[in-house]
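J.: Compute the structure for the input listed below.
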Amino acid sequence: MGSDTSTQKKLFEEFDSDGSGMIDSMEIASYMAENYTGFPLEAVQLLITLADRDGNGEIDRKEFTDFYKIVLASVNSSDLGLKSVIYTATSVAENNSKISGKRMQQVQKCFGVNGQIDKTSYDKAEFLQEISRFIPY
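T.: Next comes the predicted model:
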């Protein structure tokens with residue numbers, strides 16, 4: 001993945017395989033499976049959720065810059081294990097190594113968990129321990 005605006009525009013068009021101007025989870029999963037062997041596809045919905053500012057479940061051109069940063073960090077992670085990718089994507093979205101309780105709730109919801117958040121923030125070890133409750137691998 002390149003880093004300039006024209007590269008991002010071309011990449012958006014690659015992700016947007018149906019040309020709708022929106023990128024959905026199926027398009028992302030297809031692109032990631034084709035281009036990033038070993039990337040955990042279970043994390044696709046989280047990638048969308050973290051960058052989807054308007055909450056419509058898809059990534060538009062305005063949201064693509066944030067999505068691009070999250071995906072770039074995730075695919076360049078030294079560990080493509082699901083928990084590691086989740087932490088990397090979430091910390092990039094949060095723009096901090098500490099993860100807020102609000103972001104933790106987003107992660108939980110993406111994985112079908114509606115748990116109570118007891119903390120206002122989580123460091124990496126705490127975050128990984130917490131998600132280990134609902135992501136066993």
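J.: thought F67 was touching R61?
T.: No. Checked against C-beta atoms under 8 Å, the pair F67 and R61 is beyond contact range at 10.1 Å. For every residue, glycine as well, the C-beta is placed using N, CA and C.
J.: which one of these two has more residues nearby?
T.: Neighbours per residue (other C-beta atoms under 10 Å) separate F67 from R61, with F67 holding more: 24 against 14.
J.: Output the one helix or strand T90 maps to as PDB, nothing but the C-alphas.
T.: Per DSSP states H and E, T90 falls inside helix 82-94. Only the C-alpha atoms of helix 82-94 are listed here, as PDB (Å, rounded to 0.1, in the frame of the first residue of the first chain):
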ATOM      1  CA  LEU A  82      -6.200 -12.100  15.300                       C
ATOM      2  CA  LYS A  83      -5.700 -10.600  18.700                       C
ATOM      3  CA  SER A  84      -2.500  -8.700  17.600                       C
ATOM      4  CA  VAL A  85      -4.300  -7.400  14.500                       C
ATOM      5  CA  ILE A  86      -7.200  -6.300  16.700                       C
ATOM      6  CA  TYR A  87      -4.900  -4.400  19.000                       C
ATOM      7  CA  THR A  88      -3.000  -2.800  16.200                       C
ATOM      8  CA  ALA A  89      -6.100  -1.700  14.300                       C
ATOM      9  CA  THR A  90      -7.700  -0.400  17.500                       C
ATOM     10  CA  SER A  91      -4.600   1.500  18.800                       C
ATOM     11  CA  VAL A  92      -4.200   3.200  15.300                       C
ATOM     12  CA  ALA A  93      -7.900   4.200  15.300                       C
ATOM     13  CA  GLU A  94      -7.500   5.500  18.800                       C
END
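J.: packing partners for it?
T.: helix 44-51, helix 61-75, strand 99-100, helix 101-110, helix 124-131 (3 or more C-beta pairs under 8 Å, 6 or more residues apart in numbering; DSSP states H and E).
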